[in-house]
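Engineer: Okay, here's the prediction I keep looking at, along with the sequence it came from:
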Amino acid sequence: MVAVGLFTSILIALELGRLVWRWQVASGREPETTGVGVVASAIFALLGLLIAFTFSGAASRFDMRRTLIIQEANDIGTAYLRLDLLPQPARGELQEIFRQYLDARLDAYRSVPDRKRVEAALKRSDELRERLWTRSVLESQRTASTAATMLLLPALNTAFDTASTRLASTKEHPPGVIFGMLFALCWVGALFAGYGMASRGPRNWFHALFFVASLTVTLSVIVDLEFPRLGLIRVDAFDEMLQEVRNGLR
């Protein structure tokens, strides 16, 4: 839907530029050529700079989110294994809580874009995390060995910190004004492009559609990288690592 909206709006801007040129000709005015070329060049130079900036940032954040998924899977696997340091029956009870915690985490990520389900799953995971931590601290203090305190608790803390960092990374985006400038420059650039193309004779649909499609694809890729659970470019495949960890928790 985003791509369709972008394609349509940029095509409309292109046609508006052509209509402005035709209106000037029809009204007997001499269409501007030299000044338009200078302004259009400046706009497209600025547009190229902004596209490079937003694309680079979106790609970096996309890679970071994938890395955090792998890190969370590793940290959860390590923390779960450290529960073996506790005696029964506490070990079995905590392992069950841990499995429920991971199920809630997986459900939260798979519920996007349903905000209510995501919030409910995250709330459930927070409650299970508190239970898991409180009980782990209590059982570690009860054991005669210090291994649980020295190895289990830091592993749990690391797993929880990674989960929090991963959640924060999903909310890390450029300010809205950056996207506003990017889209606005695309539309203004299309307006000037349509004006310039009109001065060169009959409409060339191949050039027009190629120009619009190029901008649309570029902007769509940037948006997909920035929101990798809503578009075509996704990080869902990396969630399988968490699922594999969950399948191994017995």
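Structural biologist: Okay, I see it.
Engineer: Identify the residues contacting residue 50.
Structural biologist: 178, 181, 182, 185 (Cβ atoms under 8 Å, 6 or more residues apart in numbering). The C-beta positions use only the backbone N, C-alpha and C, and glycine is treated the same way.
Engineer: measure the last one to residue 2 for me?
Structural biologist: It stands for residue 185. Separation of residue 185 from residue 2 (Cβ to Cβ, to the nearest Å): 17 Å.
Engineer: more crowded one of these two?
Structural biologist: residue 185 (19 against 14; other Cβ atoms under 10 Å).
Engineer: The more buried one contacts residue 48, doesn't it?
Structural biologist: No. With contact defined as Cβ atoms under 8 Å, residue 185 does not count as touching residue 48 (9.5 Å).
Engineer: Show me how the record splits the chain into domains.
Structural biologist: With domains defined by automatic domain parsing, the chain comprises 2-57+175-226, 77-173+236-248.
Engineer: ranking these by mean pLDDT, which is last?
Structural biologist: Mean pLDDT values for those show the minimum at domain 2-57+175-226, a mean of 84.
Engineer: Okay, now that domain: how far is its last residue from its first?
Structural biologist: Counting by Cα to Cα, to the nearest Å, you get 13 Å between the two ends of domain 2-57+175-226.
Engineer: ditto for stretch 224-239
Structural biologist: End-to-end distance for stretch 224-239, by Cα to Cα: 17 Å.
Engineer: In the chain, which helix is the longest?
Structural biologist: In the chain, taking DSSP state H as the definition, the longest helix is helix 34-82.
Engineer: Name the nearest residue to residue 77, ignoring sequence neighbours.
Structural biologist: Once flanking residues are discounted, residue 77 sits nearest to residue 245: 5.0 Å by Cβ to Cβ, 6 or more residues apart in numbering.
Engineer: swap in residue 9?
Structural biologist: residue 187 (6.4 Å).
Engineer: picking up where we left off before, with secondary structure and distance to residue 82 as new columns, can the contacts of residue 50 be given to me in a markdown table?
Structural biologist: Converted to a markdown table, the contacts of residue 50 look like this (DSSP: H, G, I helix; E, B strand; the rest coil; distance: Cβ to Cβ, whole Å):
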| residue | secondary structure | distance to residue 82 |
| --- | --- | --- |
| 178 | helix | 43 |
| 181 | helix | 49 |
| 182 | helix | 46 |
| 185 | helix | 52 |
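Engineer: ok, so of the residues you listed, who is nearest residue 65?
Structural biologist: Using Cβ to Cβ, residue 178 comes nearest to residue 65 of these, at 18.7 Å.
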